[in-house]
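> Build me a model:
(one chain, ligands or ions: 1)
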Amino acid sequence: MEPVTYIWMDGELVAWEDATVHVLSHALHYGTGVFEGIRAYDTESGPAVFRLTEHMERLTRGAAAYQIALSYGADELTKAAREVIATNELGACYIRPLVFLGTGSMGLNPAGAKTHVAIAAWRWGAYLGDEGLRNGIRVGVSSWRRLHQTMFIPDAKGTGGYINSILARLEANAAGFDEALLLNLDGYVAEGSGENLFLVRNGVVRTPPPQAGALDGITRQSVIELLRDDGAVVEETNLTRSDVYYADEAFFTGTAAEVTPIREVDHRTIGPGTPGPVTKRAQELFMNAVTGRLDDYRHWLEYI
Ligand code: PPE
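Below is the predicted model of the structure:
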């Protein structure tokens, strides 16, 4: 990871190396935080952040759902994110806002712990590798199940919940896969450790509904809209493990992962083992939208 000069913390810009926390921060012990992952892209009119306001709204909604008191609104956090990008003179970058509980209380009752907010940004290339983005990645279905919606708040990016993703990711990588695919407690497909899944079969695009325990990803929503507007049939429906094996095409979506083709699942080749036409079209539409090359979706961009 390549450091930048400043990180925004609790209302001011501090030097990268000074953006530290106390070891008795509540969030460090119990995962009491929410975060976001946002990307900015270089466009003809300068850097633009993709759906910045929606990400910040998801962050503030998530904090409220977990009852983490937050004194900043989505609009103020949006301004702060712009400031971070501008002062660090970043173009295309990844933006990581984090709301977390600091010191003031120990034990599971967080009352008394102070809320902190940080926004960092840095250059971050292809999440699952350039090769993966081009030719597809290898995925393994995890032995870990996705946290069920009765156990946490799937719509919020709560930091503690990511320990579930990390178990799956570690297992997948140890088995030689690039990424994990998690099923929910009912055995239907939920999502990747940090991405939403899409399958294509006989020209129909299908993705699990949020009720399956998947985060309703902003990239997911964008890709659904882009593909539908392009004439594709996209269904939100429960998917089984065999649906994945029988797919002609499969891909992951996420802010970090963008649109990443999947070429293999559990040692079974998906389609011919190379990115298919719908996957390539989704990638093309998404990359054109985020870089301001599609007039119809320019409202998704917030220019710096
Ligand atoms: N599911 C999960 C579990 C998830 O973490 C993400 C984002 C998504 C789906 C896709 O959501 P969206 O970014 O709104 O399209 N994962 C973030 C964190 C990745 C990380 O390694 O950290 C991200 O992509 O920024």
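> Return the residues of the stretch 151-300 of the chain in contact with the ligand.
165, 191, 194-196, 215, 217-220, 253-257 (C-beta under 6 Å from any ligand atom). Glycine gets a C-beta too; all of them are placed from N, C-alpha and C.
> Arg58: which of those is nearest?
Ile218 (7.3 Å; C-beta to C-beta).
> Next up, phi/psi of the closest one, please.
Here is the backbone geometry of Ile218 (degrees, to the nearest 10): phi -70, psi -30.
> how about the CA coordinates for stretch 51-67, as CSV?
Taking C-alpha atoms only, stretch 51-67 is exported to CSV below (Å, rounded to 0.1, in the frame of the first residue of the first chain):
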residue,chain,number,x,y,z
ARG,A,51,-21.8,7.5,-6.5
LEU,A,52,-20.1,9.2,-3.5
THR,A,53,-23.3,10.4,-1.9
GLU,A,54,-24.9,7.0,-2.0
HIS,A,55,-21.8,5.4,-0.3
MET,A,56,-21.8,8.1,2.4
GLU,A,57,-25.6,7.6,2.9
ARG,A,58,-25.0,3.8,3.3
LEU,A,59,-22.3,4.6,5.9
THR,A,60,-24.5,6.9,8.0
ARG,A,61,-27.5,4.5,7.7
GLY,A,62,-25.2,1.7,8.8
ALA,A,63,-23.9,3.6,11.8
ALA,A,64,-27.5,4.4,12.9
ALA,A,65,-28.5,0.7,12.5
TYR,A,66,-25.6,-0.3,14.8
GLN,A,67,-26.5,2.6,17.1
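> Show me the contact partners of it.
Here stretch 51-67 makes contact (C-beta atoms under 8 Å, 6 or more residues apart in numbering) with 32, 34-38, 69-70, 72-75, 77-78, 81-82, 95, 97, 99, 110, 115, 153, 155-158, 218, 222, 255, 300, 302.
> dump the residue contacts of Thr78.
Leu52, Thr53, Met56, Glu302.
> Narrow the residues you listed to those in strands?
Glu302 (DSSP state E).
> Would you point out the most distant pair within the contacts of Thr78?
Met56 and Glu302 (10.1 Å).
> neighbour count winner among those two?
More crowded of Met56 and Glu302, by other C-beta atoms under 10 Å: Met56, with 26 against 18.
> Could you report the neighbour count for the nearest residue to that one once chain neighbours are set aside?
Residue nearest to Met56 in three dimensions, not counting chain neighbours: Ala74, with 4.0 Å by C-beta to C-beta, 6 or more residues apart in numbering. Taking other C-beta under 10 Å as the criterion, the count of residues near Ala74 is 18.
> so what's whichever residue of the stretch 1-150 of the chain sits closest to the ligand up against?
Here the stretch 1-150 of the chain gets closest to the ligand at one residue, Gly37, 1.9 Å apart by C-beta to the nearest ligand atom. With contact taken as C-beta under 8 Å, 6+ apart, Gly37 is in contact with His55, Tyr94, Ile95, Arg96, Lys157, Gly254, Thr255, Ala256.
> Please tell me how far the second one sits from Ile85.
Just to be clear, that refers to Tyr94. Relative to Ile85, Tyr94 is positioned 11 Å away (C-beta to C-beta, to the nearest Å).
> Find the residues that touch each one of these two.
With C-beta under 8 Å, 6+ apart, Tyr94 and Ile85 have common neighbours Ala40, Ala121.
> any low-confidence regions in the stretch 51-200 of the chain?
Across the stretch 51-200 of the chain, nothing is flagged by pLDDT under 70.
> Repeat the analysis, applying 90 as the threshold.
Flagging of the stretch 51-200 of the chain using pLDDT under 90 yields the residue ranges 125.
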